[in-house]
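Chemist: I would like to see how this sequence folds:
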Amino acid sequence: MANRVPHAAIRDPQSPSSINVQAARQRGEELGLSSEELAFYDALADNGSAKELMAHDALRTLAQVLVTTIRSSASIDWTRKESVRAKMRIAVRKMLARYGYPPDLQRAAVDLIIKQAEALAHGWS
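Modeler: Residues are numbered from 1 along each chain as shown. Here you go, the predicted structure:
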């Protein structure tokens, strides 16, 4: 499973994997985001100009809304059903526009958000 932390990282709090997990957890707490929300926040903020153009609170709120929307849209085997994925892409695109995400960056952001949702979907079932 790609999302699992190796057992060695759990036993050794100084291992790089353990440190990354601890840092991510701390960052999420500082931002007031769950681990899922932080993953989407990072995906949205991945493009430096989007982070510069949008307020921190807007990115945080957008990440929270995305998690809620994608989780409610995700059905059984949604990662294999193109029609469900297409509806999800449309919903994400509308949300990005509603929250002021830069239009020229939306296509790449939608793709990245869908990939992030696929990576997180294993834990949602």
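
Chemist: And the residue nearest the centre of the chain?
Modeler: The centre of the chain sits closest to F40, judged by CA atoms, centre = their mean, with a distance of 2.0 Å.

Chemist: What residues does that one make contact with?
Modeler: Taking CB atoms under 8 Å, 6 or more residues apart in numbering, we find F40 in contact with 62-63, 66-67, 113, 116. All C-beta atoms are positioned from the backbone trio N, CA, C, and that covers glycine.

Chemist: how close does the residue nearest to S35 when sequence neighbours are not counted sit to L59?
Modeler: Sequence neighbours aside, G28 is the residue nearest to S35 in space, at 5.8 Å (criterion: CB to CB, 6 or more residues apart in numbering). Distance of G28 to L59, given as CB to CB, to the nearest Å: 13 Å.

Chemist: Who has more neighbours out of these two?
Modeler: L59 (23 against 18; other CB atoms under 10 Å).

Chemist: Flag the shaky bits of the protein, pLDDT-wise.
Modeler: 1-19, 48, 122-125 (pLDDT under 70).

Chemist: can you pull out the helices in it?
Modeler: Under the criterion DSSP state H, the chain carries helices at the ranges 7-11, 16-31, 35-45, 48-53, 56-73, 82-98, 106-124.

Chemist: which of these sits most buried?
Modeler: Most buried of these by mean neighbour count (mean count of other CB atoms under 10 Å) is helix 35-45; its value is a mean of 21.

Chemist: returning to that earlier point: which non-adjacent residue is nearest the residue nearest to the centre of the chain?
Modeler: F40 sits nearest to A63 (CB to CB, 6+ apart), 4.2 Å away.

Chemist: I70 contacts E118, correct?
Modeler: No. Counting by CB atoms under 8 Å, I70 does not reach E118; the two are 10.0 Å apart.

Chemist: returning to what we had before: got the contact list for the residue nearest to S35?
Modeler: Taking CB under 8 Å, 6+ apart as the test, what G28 contacts is 34-35, 37-38.

Chemist: Okay then, goodbye and thanks.
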